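**Student:** kindly generate the corresponding structure for this input.
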Amino acid sequence: MEISSSLTLELLNQPFLLEKRIDLLFAIKKCGSISKAAKEVPMSYKKAWEAINTMNNLSSNPVVQTETGGKGGGGTSLTQYGENILKTYLVLKKEHNKFLNNLKEMADIDTGTLKNIGRLAMQISARNQISGIVEYINEGRVNAEVFIKLKSGYTLVSNITKGAVTNLGLSVEDEVTAIFKSSTVLLTTDFTLNISARNKFQGIIESIHEGEVNSEVIINIGGSDKIASVITSSSIKTLGLKEGSEVSAVIKASDIMVGK
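**Tutor:** Sure thing, here's the model as predicted:
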């Protein structure tokens, strides 16, 4: 027994994008003709027209445009909005399939057993969770270095086991999340400092939340990427840290987990 589910997006409480309509849009993009696209899906010409009219009427912007006559004899094509819809749908479909695969691994339908189903909705306490794209994986005998390109332009390096790479099914160009505790983030104002830690990101202090013993410092390293560091309040004074100050956040590669 298998787990399956179709992905449908709604507008105004009505089905807007169904998988059959997505197939039709891809066929229109390929063929440039409603009649040819309908045959490729397949569906009747009438149903193809009805699907296009429904999508165009529900949407604030037309998804498909039709030109009649002219030198090229007319034709049908996707609008820029329609092109964007296809790209968005593919991203959602990928995540949808990932969810179903995770669900399949956690459930034994034949015996009615649900294994660790709570993991699907699990939240973690680690303060820093930054997404990026895997650039390179350098595998050693036991461990592997995973190089992750962040939105800020920095490359973050995580040192995890080869088993973890296999279990996660990690490969180049995968979208992943780098996870690390705020207590593992060291701060320095010495930008020339040579240190063995693989990760050193320069940024601007966005905010400081001071406590009696410890304080949380939020550093903006660019591209909407932010790093939280918890250090002693006395260190704040010693380093002369304040909002707007430039600072380097330093994290060991071994302190960074990878989630997918």
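
**Student:** for this structure, what are the low-confidence residue spans?
**Tutor:** 1-4, 68-74, 102-124 (pLDDT under 70).

**Student:** longest helix in it, please.
**Tutor:** Counting residues, the longest helix in the chain under DSSP state H turns out to be helix 80-106.

**Student:** in the stretch 101-250 of the chain, which spans are strands?
**Tutor:** Applying DSSP state E, counting those that start in this stretch to the stretch 101-250 of the chain gives strands spanning 107-108, 113-114, 128-139, 143-150, 155-161, 175-180, 186-188, 199-210, 214-222, 225-232, 246-251.

**Student:** buried sites along stretch 183-201?
**Tutor:** T184, V185, L186, L187, R198, N199, K200, F201 (16 or more other C-beta atoms under 10 Å). For glycine as for every other residue, the C-beta is placed from the backbone atoms N, C-alpha and C.

**Student:** need the residue closest to the centroid of the chain.
**Tutor:** Residue closest to the mean C-alpha point of the chain, counted by C-alpha atoms, centre = their mean, is E175 at 5.6 Å.

**Student:** circling back: which positions in the longest helix of the chain come out as buried?
**Tutor:** G82, I85, Y89.

**Student:** ok, stretch 10-21 next?
**Tutor:** In stretch 10-21, residues buried by neighbour count (16+ other C-beta under 10 Å) are F16, L17, L18, R21.

**Student:** sorry, back to before: what would the buried residues of stretch 183-201 look like in TSV with distance to N61?
**Tutor:** Below are the buried residues of stretch 183-201 laid out as TSV (distance: C-beta to C-beta, whole Å):
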residue	distance to N61
T184	46
V185	44
L186	49
L187	47
R198	46
N199	43
K200	45
F201	39
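
**Student:** and E139, bridged to which residues?
**Tutor:** For E139, the beta-bridge assignment (DSSP bridges) gives partners A144.

**Student:** surely it touches A164?
**Tutor:** No: counting by C-beta atoms under 8 Å, A164 is not a contact partner of E139; they are 11.2 Å apart.

**Student:** show me which of those two is the more surrounded one.
**Tutor:** Between E139 and A164, counted using other C-beta atoms under 10 Å, the more crowded position is A164 (15 against 12).

**Student:** do you know how far that one is from A48?
**Tutor:** Per C-beta to C-beta, to the nearest Å, A164 is found 47 Å from A48.

**Student:** over to L78?
**Tutor:** 14 Å.

**Student:** kindly report the same for T177.
**Tutor:** From T177 to A48 the distance is 40 Å (C-beta to C-beta).
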